[in-house]
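Colleague: here is the input, now give the coordinates:
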Amino acid sequence: MDERQAQELLGFLRPEARGDLKGRALRFVLGLTGGAEGRRLLLARPDLLAALLALTGEPRPELAEPAFHALLNLAAEPGAGGALRAGLPDLLRRLLDPAFPLPGLACALLANCSREEGPCRELLAELRRRGGGVAGLGPLLEAFCTQDPRPGAPWHQLGALLGNLSQLPEVRDALLERSGGAVRRLLPFMQDAGSAARRRGVAGTLRNCCFDPRHHEWLLSEQVDLLPFLLLPLAGPEEFPEDEMERLPLDLQYLPAEKQREPEADIRQMLLETLLLLTATKPGRLLVREKGTYFVLRELHRWEEDRGVRAACEKLIQVLIGDEPEAGMENLLEVKIPSEVEEQLQRLDQQQQEEEEEEEEALLGRLV
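Modeller: Residues are numbered from 1 along each chain as shown. You can find the predicted model right below:
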């Protein structure tokens, strides 16, 4: 598409253009976003991006929806968040507007655009300008924790947006502020059987919050009692000997025969990674070990078929059953790994990845 064609297309996307011409132009743009070359072409044109972002506010859904879908395709490209960041304030306004008819699409686009730190910080700044408590997160938390009755309401999709924002230290500090109770409001949604997106968002947010070891003891204390919320999705219907059962948190004792584990492998992996972070310090290791976590992991490992999840489970088990580090090395997040050991670990990870890819290719070959 040369400059003359781009300008002609831009004219059809302007607010004053006829509706039928806008519709045809949007269908053409949506088709372009189906290929990598078309996406790169559009991302290099700020004027076309601005026109698409403006059309997401069209009162006619038949025009706003293809604009959203085209932008969602564009946002999947690496680095696209920076190109689309100019639209963040308007997208946020639409998401929080009770009268806006497509809040789910606005939320999905905001989540896709805020995966990188730069756009994520701009979004946080806009939230703070709007006010609302919890460092500006108040409206998002409220929407996430209450089921919005609007058709297409994004209450379950907001988890991805909260997860992105929680990569910022100031957001984690706000969520973990002791008197606010924000993180406690999220915990029950780890058991929301109706929405994997909601569970995934909470799991990602909790994992990010556990990167700071200052909060581990509080998160594991009775004030928050995080451990059962992490372990229950990993537990199945297995029966334990009485001596093992007594060590488990109360919520994990005598589970019914129909108890099922979290069905999504990526969520199980995030939960295991969160537990691993909580065992980085000695107090965390002792408490997680004391509460019978190993017994739940032992049964999970027997049941688990996903190689990545099994590997994460094995790493955590090694920490729990291994000897305590020597004095001065109790905080595993601060331990400096010798370069030769780090290289060896990287080689092992690479080898595991190659083996997984070979297995996938072999499986595809059998299916063809």
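
Colleague: what ranges of the protein fall below the confidence cut-off?
Modeller: 1-2, 147-153, 324-368 (pLDDT under 70).

Colleague: that one: strands as residue ranges?
Modeller: Counting by DSSP state E, the chain forms no strands at all.

Colleague: please name the nearest non-neighbouring residue to Leu140.
Modeller: Leu158 (5.9 Å; CB to CB, 6 or more residues apart in numbering). Heads up, the C-betas are built off the backbone N, CA and C, glycines and all.

Colleague: residues contacting the one you found?
Modeller: Contact analysis of Leu158 by CB atoms under 8 Å, 6 or more residues apart in numbering lists 107, 140, 143-144, 201.

Colleague: with distance to Ile321 and neighbour count added, can I get those residues in JSON lines?
Modeller: Shown next, in JSON lines, are the contacts of Leu158 (distance: CB to CB, whole Å; neighbours: other CB atoms under 10 Å):
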{"residue": "Cys107", "distance to Ile321": "42", "neighbour count": "28"}
{"residue": "Leu140", "distance to Ile321": "40", "neighbour count": "23"}
{"residue": "Ala143", "distance to Ile321": "42", "neighbour count": "19"}
{"residue": "Phe144", "distance to Ile321": "37", "neighbour count": "26"}
{"residue": "Gly201", "distance to Ile321": "32", "neighbour count": "27"}
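
Colleague: which pair in those residues spans the largest distance?
Modeller: Largest separation among the contacts of Leu158 by CB to CB: Ala143 and Gly201, giving 12.1 Å.

Colleague: could you pull out the helices for the stretch 151-300 of the chain?
Modeller: 158-165, 169-175, 182-186, 196-209, 216-220, 226-231, 242-245, 265-278, 282-290, 293-303 (DSSP state H, counting those that start in this stretch).

Colleague: could you dump the fourth one to PDB, C-alpha only?
Modeller: Read it as helix 196-209. Provided in PDB are the C-alpha atoms of helix 196-209 (Å, rounded to 0.1, in the frame of the first residue of the first chain):
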ATOM      1  CA  ALA A 196     -10.600 -19.600  33.600                       C
ATOM      2  CA  ALA A 197      -9.800 -16.000  32.600                       C
ATOM      3  CA  ARG A 198     -10.600 -14.800  36.100                       C
ATOM      4  CA  ARG A 199      -8.600 -17.500  37.800                       C
ATOM      5  CA  ARG A 200      -5.700 -16.900  35.400                       C
ATOM      6  CA  GLY A 201      -5.700 -13.200  36.200                       C
ATOM      7  CA  VAL A 202      -5.700 -13.700  39.900                       C
ATOM      8  CA  ALA A 203      -3.000 -16.400  39.700                       C
ATOM      9  CA  GLY A 204      -0.800 -14.100  37.700                       C
ATOM     10  CA  THR A 205      -1.400 -11.200  40.100                       C
ATOM     11  CA  LEU A 206      -0.600 -13.300  43.100                       C
ATOM     12  CA  ARG A 207       2.600 -14.500  41.500                       C
ATOM     13  CA  ASN A 208       3.700 -11.000  40.800                       C
ATOM     14  CA  CYS A 209       2.900  -9.900  44.400                       C
END
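
Colleague: got the angle for it vs helix 158-165?
Modeller: 20 degrees (axes from the mean of the first three to the mean of the last three CA atoms, to 10 degrees).

Colleague: who touches helix 196-209?
Modeller: Against helix 196-209 from outside (CB under 8 Å, 6+ apart): 144, 155-163, 166-167, 172, 175-176, 183, 186-187, 189-192, 215, 219, 226, 229-230, 233, 262-264, 266-267, 270-271, 273-274, 277.

Colleague: next one: the last one
Modeller: Residues from elsewhere that reach helix 293-303 (CB under 8 Å, 6+ apart): 227, 231, 234-236, 238, 240, 244, 247-248, 252, 261, 268, 275, 310, 313-314, 316-317, 320-321.

Colleague: what comes up buried for that helix?
Modeller: If you call a residue buried by 16 or more other CB atoms under 10 Å, then helix 293-303 has these buried ones: 293-300.

Colleague: convert the C-alpha atoms of that helix to CSV, please.
Modeller: The C-alpha coordinates for helix 293-303 follow below in CSV (Å, rounded to 0.1, in the frame of the first residue of the first chain):
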residue,chain,number,x,y,z
THR,A,293,2.5,-28.9,51.1
TYR,A,294,4.8,-31.8,50.0
PHE,A,295,1.9,-34.3,50.3
VAL,A,296,-0.3,-32.3,47.9
LEU,A,297,2.6,-31.9,45.5
ARG,A,298,3.5,-35.6,45.7
GLU,A,299,0.0,-36.5,44.5
LEU,A,300,-0.1,-33.8,41.9
HIS,A,301,3.2,-35.0,40.4
ARG,A,302,1.7,-38.5,40.1
TRP,A,303,-1.3,-37.1,38.3
